[in-house]
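> Got a predicted structure plus its sequence, pasted below:
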Amino acid sequence: IKVSEVSKWFKRRGHMTEALRDIHLELAQGTFVSLIGPSGCGKSTLLRIVGGLADVDRGEVTIGGLSPLEAQSRKQFGFVPQSPALFPWRTVLENMNLPFEVNVRGNSAAKLVEREDPVELLKSVGLGDFVNAYAKELSGGMQQRVGIARAFGSGAPILLMDEPFSALDEITREKISYQLLDIWESHQKTVLFVTHSLREAVLLSDKVVVMSARPGRVAAVIDIGLPRP
Ligand code: ADP
Ligand code: ADP
């Protein structure tokens, strides 16, 4: 993922605010990258730009040479939002299958994706016993684990996670963090992970991008480079 001198403004109450200024990042394939910084520094905006959900006003983003929109249409991205978008009255397994149902109708490239066993993915986040439960029966933490397992099984090489643990209590966060690390280590996916937690960023990442606010800029890029737990 290459982000070159990207700037972004939003118009609000008649005047323009600069959300991102001169963002420059090069993120190697297969790395786990955290984006951290104060509220409003543009973390979500940057994630959305990379994923082709928002435009830049200046600069350029490329994903393996493709524009974000091209990459999106080739199913390069899996999204894990703050609250998992599960259908409450479908089972966990049916929810795992959703990306494939949509893809078969939409994009033929998706058919080429080698399918991973959804039950194995669920086991790897500790949900082997809940395959046939309705999504609505699960706790918030369990639902978020389904969202993560689904993203890892979707065939997309790049996962964009926008504070996926923000609704969870501290203990649950910690447990899920380790499960996220486990599943990440057995897949070779690039992860862009937005978080408020410096602890989480350091625990999980190869690289921590620290942003400052008003306007959103990259204040520091820290290579963690420690052996993983
Ligand atoms: P973060 O994720 O770091 O909290 P955001 O990316 O959500 O920051 O927001 C960055 C800045 O851009 C903030 O000042 C926010 O108010 C503004 N912003 C984000 N999205 C919009 C929007 N759709 N319209 C107007 N302003 C926006
Ligand atoms: P999490 O840490 O994932 O948020 P909880 O702390 O809510 O999970 O639940 C702890 C454990 O209780 C779960 O791992 C699961 O084994 C069990 N549990 C929670 N909700 C349910 C449910 N609706 N049905 C059966 N077991 C559940």
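Sure thing, it's come through. Residues are numbered from 1 along each chain as shown. Ligands and ions are numbered 1, 2, ... in the order given.
> right, and the helix or strand after the helix or strand bottoming out on mean pLDDT in the chain?
Scoring the helices and strands of the chain by mean pLDDT, DSSP states H and E places helix 92-106 at the bottom, with a mean of 75. Next along the chain after helix 92-106, taking DSSP states H and E as the criterion, comes helix 118-124.
> ok, now how distant is whichever residue of the chain sits closest to ligand 2 from V119?
In the chain, no residue comes nearer to ligand 2 than G141, which is 2.3 Å away by CB to the nearest ligand atom. Backbone N, C-alpha and C define where each C-beta goes, glycine included. For G141, the distance to V119 (CB to CB, to the nearest Å) stands at 20 Å.
> so F152 sits right up against E185, yeah?
No - look at F152 against E185 with CB atoms under 8 Å: they stay out of range, at 11.0 Å.
> more neighbours, the two?
Using other CB atoms under 10 Å as the criterion, F152 and E185 rank with F152 on top: 23 against 10.
> did I read that right, the more buried one in a helix?
Yes - when DSSP: H, G, I helix; E, B strand; the rest coil is applied, F152 is found to be in a helix.
> quick one: the helices in the protein?
Secondary structure of the chain (DSSP state H): helices located at 43-50, 68-73, 92-106, 118-124, 140-153, 170-185, 198-204.
> Out of these, which gets the lowest mean score?
If you rank those by mean pLDDT, helix 92-106 sits at the bottom with a mean of 75.
> Name all residues that make contact with the residue lying closest to V6 once chain neighbours are set aside.
In this structure, V6 finds its nearest non-sequential neighbour in G59, 3.5 Å apart by CB to CB, 6 or more residues apart in numbering. The neighbours of G59, taking CB atoms under 8 Å, 6 or more residues apart in numbering as the test, are 3-7, 22-23.
> give me that answer again for 10 Å
3-8, 20-24, 49 (CB atoms under 10 Å, 6 or more residues apart in numbering).
> Ligand 1 contacts on this protein?
Residues of the chain found near ligand 1 (CB under 6 Å from any ligand atom) are 10, 12, 17, 19, 37, 39-45, 216.
> and these as CSV, adding neighbour count and distance to S73?
Below are these laid out as CSV (neighbours: other CB atoms under 10 Å; distance: CB to CB, whole Å):
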residue, neighbour count, distance to S73
F10, 14, 25
R12, 9, 30
T17, 13, 30
A19, 23, 25
G37, 22, 30
S39, 8, 32
G40, 14, 30
C41, 23, 29
G42, 27, 25
K43, 26, 24
S44, 20, 22
T45, 20, 21
G216, 24, 27
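> Can you get me a residue count around I176?
21.
> Verify the contact between it and A167 for me.
No - the criterion here is CB atoms under 10 Å, and I176 misses it with A167 at 11.3 Å.
> Which of the residues in stretch 13-22 are classified as buried?
Neighbour counts using 16 or more other CB atoms under 10 Å place 19-21 of stretch 13-22 among the buried residues.
> can you list these in CSV and add pLDDT?
Converted to CSV, these look like this (pLDDT from 0 to 100):
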residue, pLDDT
A19, 96
L20, 98
R21, 97
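> Closest one of the residues you listed to ligand 1?
Nearest member of the buried residues of stretch 13-22 to ligand 1, counting by CB to the nearest ligand atom, is A19, at 3.5 Å.
> just to revisit the earlier point, who's more crowded, G141 and V119?
G141 (18 against 15).
> For that one, which non-adjacent residue is closest in space?
T172 (4.2 Å).
> Next, count neighbours for the one you found.
17.
> same question, D206
18.
> Quick check, it in contact with L192.
No - judged on CB under 10 Å, D206 makes no contact with L192 at a distance of 11.5 Å.
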